[in-house]
Each structure stands twice: as structure tokens, then as C-alpha cells.
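>>> Model the following, please.
(one chain, ligands or ions: 2)
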Amino acid sequence: MKTAYLVRLVMKLKKLSAALLATAAVSMTGVSMAYVEIVSVRNEPVEPIQPAKITDPQLVKLGAMLFFEPRLSKSGFISCNSCHNLSRGGSDNLVTSIGHNWQQGPINSPTVLNSSLNMAQFWDGRAADLKEQAAGPISNPGEMAFTHELAVEVLQSIPGYTTEFYRAFGTDRITIDMVTDAIAAFEETLTTPHSPFDKWLAGDDDALTATELRGWNLFKTSGCVACHNGAALGGNSFQRMGLVEPYQTTNEAEGRSAVTGADADRFNFKVPTLRNVELTYPYFHDGGADTLAEAVDIMGRLQLGKRYTPDENAAIVAFLRTLTGEQPRIVMPILPPSSDATPRPRPFDD
Ligand code: HEC
Ligand code: HEC
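Ligands and ions are numbered 1, 2, ... in the order given. Have a look, this model is predicted:
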């Protein structure tokens, strides 16, 4: 009894000092990094990306560990970062992802960068938010192929994790809800401020070249901005893919109608963000376009009935490249070792 109480007390003190240290760190860097809102001085349909606001550093730290944790998969090999590689713009740069046992995924992996700005998650918007989304891949047989019960059992069996959960939640009885809370808190920090375009929005006239600026003007005047607007240049509506001309694909995804059942929603997809788009090739839900030039050409023809000259296409592509912001700087989390009681990975089971 007495030792248990002492352990709790020590944990509480540790938590308190961690919180104090974190507050000190935030306030120390407050001016240069932690939080300065970026304000646009121009009257444009796109707003700058804001730096991440970290309100619960312990939860974010745990979320980062879980994001990189391959033991949340049956194989012990696939983590969120396998398909949303933060060294590669938060995506896997594959046509469609590779899941458990080298299964071919059904759809292109969208970036997790700035995903907190999406009005809903997934191409068809079937998850309301990041927390709901994070429950999906762990138990998806084509992705991490695990179960929520087993994922919790694995974490619960690792002393290094029970300590971290205790620090974040005040209890070491882990639930899947706590797991998805922490992952979502981490994902909320994955914003990419200070892109050249945002510097221009904030008033720096030299942040864009004449060609890039011409690309932005073409993007606006030809109508791309009708669907790609807001801070993320997307993520805030579902739109038909192939509005003027049908899109040719062998991919079976039917889009929003899979969620609503409404025929009118067939082939409506969540408009993807164009932030960091130069890093997140190949493009479209089926990964059907390899290059930005190809994606711009298809968008022009299929969504707007426009054929761009090579010069115009190049200017729009140049503009799109100015949307690459500062990538999150993440210290690779060191994951605690399994214990003797931890269920072992089963990489080669179906
Ligand atoms: C095997 C590859 C794979 C793994 C592992 C994986 N994802 Fe995904 N993720 C995808 C694919 C593919 C989609 C798109 C699925 C769809 O829209 O139907 C997606 C969609 C998402 C989205 C929605 C983004 C948007 O713009 O709609 C988020 C957020 C996300 N994943 C986070 C995670 C997290 C967190 C984990 C770990 C718990 C994870 N993913 C594990 C492949 C993967
Ligand atoms: C009517 C709405 C609409 C208009 C107009 C529009 N887009 Fe899109 N855009 C979308 C949708 C929806 C998708 C996703 C389609 C899919 O994956 O099947 C998309 C996807 C993209 C992508 C691929 C992003 C990725 O990560 O896969 C790029 C690049 C893009 N659009 C650029 C443009 C440009 C440039 C224009 C103007 C020439 C434009 N869009 C006009 C709705 C629109």
C-alpha cells in the first residue's frame, strides 16, 4: 500500500515538473518559435498556415511514440509512419500503399501534414476527425491488420508505455480511446508554416518570383481556387472528379457515395490539400498522375474545360511548389522495449 502510494506521489511530482519544464520551454521560445500568429496582409482566398500550438506536450510526446510504433501492427513492422512518412511529406509516394503481408492497398495515401485542417478525414470523408480516423488503420486487415484489444494489450505489457500513459492521462489503464487521443494530438502539431507563398501572403513581395506569381494569378482566374481554397487550399469540400470530362481510372473507389449512399455523390472526393504538394506525388485518389505537370493538365481539362499552354502549365506548377512549408522537425522517438509478457509480432501470418 505504502509503496504504491509513494510511487503515485513520485509520478505526480514528475508529471508536475515535466509540465513546468514544458511551460518554461514554450515560454522561453515563445517569441521566436512557439506561437506567433501569421497574418495575411493581402485580400486573397487563401490564408497562411499557422505554427502548431502545443497545449499538452506530454500527450503530444506520447502521440509521437505511437505514430512511430510498429507494434500497433500484427507484423510488428508497420507504423503510421510507414505510409505517412514524415521524411517524405507525410505520404509514401506510392500509387497505392502497401499493407500487411505486402497487400496492395486500394487507394493513394494522403498526407498527414496539416490534416487537422480537413473538414473530415479520408478521401470519402468517412471519419469525422483525426481521433476517429486513427482507430481505422490499426484494425484494418489491409493495413496494420491488428485488433484494438491486442494493440492495447501490447502497450499495457510494456512498462515504458504505462509510465507514459500515466503521465499523459493520470491513469495507466490503457484504452484505445487514449491511444487515438494521443495520436490525434501529435497529428495536430504537423503543420507546415512559412512556405514562400505564406511569406508572400504575410507581405514579403520578394517571396515569389514573377513566374510563381503568374501561376497564382492563373490558378485564381481560371477557377482552380473555387475548389482549392482556405488555408489548406483544399480539405473543405467534396467535389466531383471529372466535372467537365469524365476521369478514366481502373480504381474502384466510388468516393463520397460510399458514405452517403446517394447516387449524386458518386465520384465526389474530398478536395485534397495542395500544401506541400510537390512532396506528395503521385497524385489523385488512384495515384494516376506521376507529376505535377500531369496533374495540372488533367485538372484543367477535366474540372474546368481548359487546355493550358506549356508556359501556363509551368507557371502553375511553379506556384504549387511555393506551397511547400517548413516540415515538422521531429526527434525520432526512442520506443521502450517489449517485456517478457508482450505478445510477439506475427509478420508472416495472413
Ligand atoms: C498501410 C498504409 C497505411 C498505414 C499503416 C496507415 N495509413 Fe493512414 N492512410 C492510408 C491510406 C491509403 C489512406 C486513405 C484511405 C481512404 O481515404 O480511404 C489514409 C488516410 C489517413 C488519414 C486521412 C488524411 C486525409 O486527408 O483524409 C490520416 C489522418 C491518416 N491516414 C493517419 C494515419 C494514422 C494516425 C495511422 C496509424 C495509426 C495510419 N494513418 C496508418 C494508409 C495508411
Ligand atoms: C471542381 C473542383 C475542382 C477544381 C475546379 C480543381 N480541382 Fe484540383 N482537385 C479536385 C478534386 C476533387 C481532387 C481529387 C480528385 C481525385 O483524387 O480523384 C483534386 C486534386 C488535385 C490535385 C492532386 C492533389 C493530390 O494530392 O492528389 C492537384 C495538384 C490539383 N487538384 C490541382 C488543381 C489545379 C491546378 C486546378 C486548376 C487547373 C484544380 N485543381 C481545379 C477538385 C478541383
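
>>> tell me the SS of the residue nearest the centre of the chain?
Central residue of the chain (Cα atoms, centre = their mean): Val112, 1.0 Å from the mean position. Following DSSP: H, G, I helix; E, B strand; the rest coil, the label given to Val112 is coil.

>>> element containing His228, please.
In the assignment (DSSP states H and E), His228 maps to no helix and no strand.

>>> ok, Glu294 - contacts?
Applying Cβ atoms under 8 Å, 6 or more residues apart in numbering, we find Glu294 in contact with Tyr283. Placement of C-beta: from N, CA and C, glycine included.

>>> roughly how far apart are the residue lying closest to Glu47 once chain neighbours are set aside and ligand 2?
Using Cβ to Cβ, 6 or more residues apart in numbering and skipping the chain neighbours, the partner closest in space to Glu47 is Ala231 (4.5 Å). According to Cβ to the nearest ligand atom, to the nearest Å, Ala231 stands 16 Å off from ligand 2.

>>> and the gap between Ala231 and ligand 1?
14 Å.

>>> what about that residue, helix or strand, and which?
Judged by DSSP H and E, Ala231 forms part of no helix or strand.

>>> residue ranges with poor pLDDT in this structure?
In the predicted model of the chain, residues 1-34 satisfy pLDDT under 70.

>>> try 90 this time
Where the chain drops to pLDDT under 90, the residues are 1-36, 350.

>>> Quick one: the strands in it, in order.
Taking DSSP state E to define them, one finds strands in the chain at 98-99, 103-104, 238-240, 268-270.

>>> Out of those, which is the most enclosed?
Each of the strands of the chain was scored by mean neighbour count; the highest is strand 268-270, a mean of 23, by mean count of other Cβ atoms under 10 Å.

>>> in its sheet, what does that one sit against?
Counting by DSSP bridges, the strands paired with strand 268-270 are strand 238-240 (antiparallel).

>>> unless I'm mixing things up, Asn268 is touching Arg240, no?
Yes: counting by Cβ atoms under 8 Å, Arg240 is a contact partner of Asn268 at 5.4 Å.

>>> got the contact list for the residue of the stretch 151-300 of the chain found nearest ligand 1?
Using Cβ to the nearest ligand atom, the closest approach of the stretch 151-300 of the chain to ligand 1 is made by Ile183 at 4.8 Å. Contacts for Ile183 (Cβ under 8 Å, 6+ apart) come out as Gly63, Leu66, Phe67, Cys80, Leu130, Lys131, Ala134.

>>> Any figure for the gap between the residue nearest to Gly325 when sequence neighbours are not counted and Ser79?
Counting by Cβ to Cβ, 6+ apart, Gly325 lies nearest to Thr192, which is 3.1 Å off, once chain neighbours are set aside. Using Cβ to Cβ, to the nearest Å, we find Thr192 at a distance of 21 Å from Ser79.

>>> ok, now which ones touch the residue nearest to the centre of the chain?
Val112 makes contact with Cys80, His84, Leu86, Gly90, Ser91, Glu187, Leu190 under the criterion Cβ under 8 Å, 6+ apart.

>>> near ligand 1, which residues of the chain show up?
78, 80, 82-84, 97, 99, 105, 107, 109-110, 112, 115, 118, 121-123, 130, 133-134, 137-138, 143-144, 183 (Cβ under 6 Å from any ligand atom).

>>> Just the buried residues of those residues.
Among the residues of the chain next to ligand 1, those classed as buried by 16 or more other Cβ atoms under 10 Å are 78, 80, 82-84, 97, 99, 105, 107, 109-110, 112, 115, 118, 121-123, 130, 133-134, 137-138, 143-144, 183.

>>> The residues you listed in helices, which ones?
If you go by DSSP state H, these have Cys80, Ser82, Cys83, Leu130, Gln133, Ala134, Pro137, Ile138, Ile183 in helices.

>>> just curious, which of those residues is nearest to Pro347?
Nearest to Pro347 among these is Ser82, at 12.9 Å by Cβ to Cβ.
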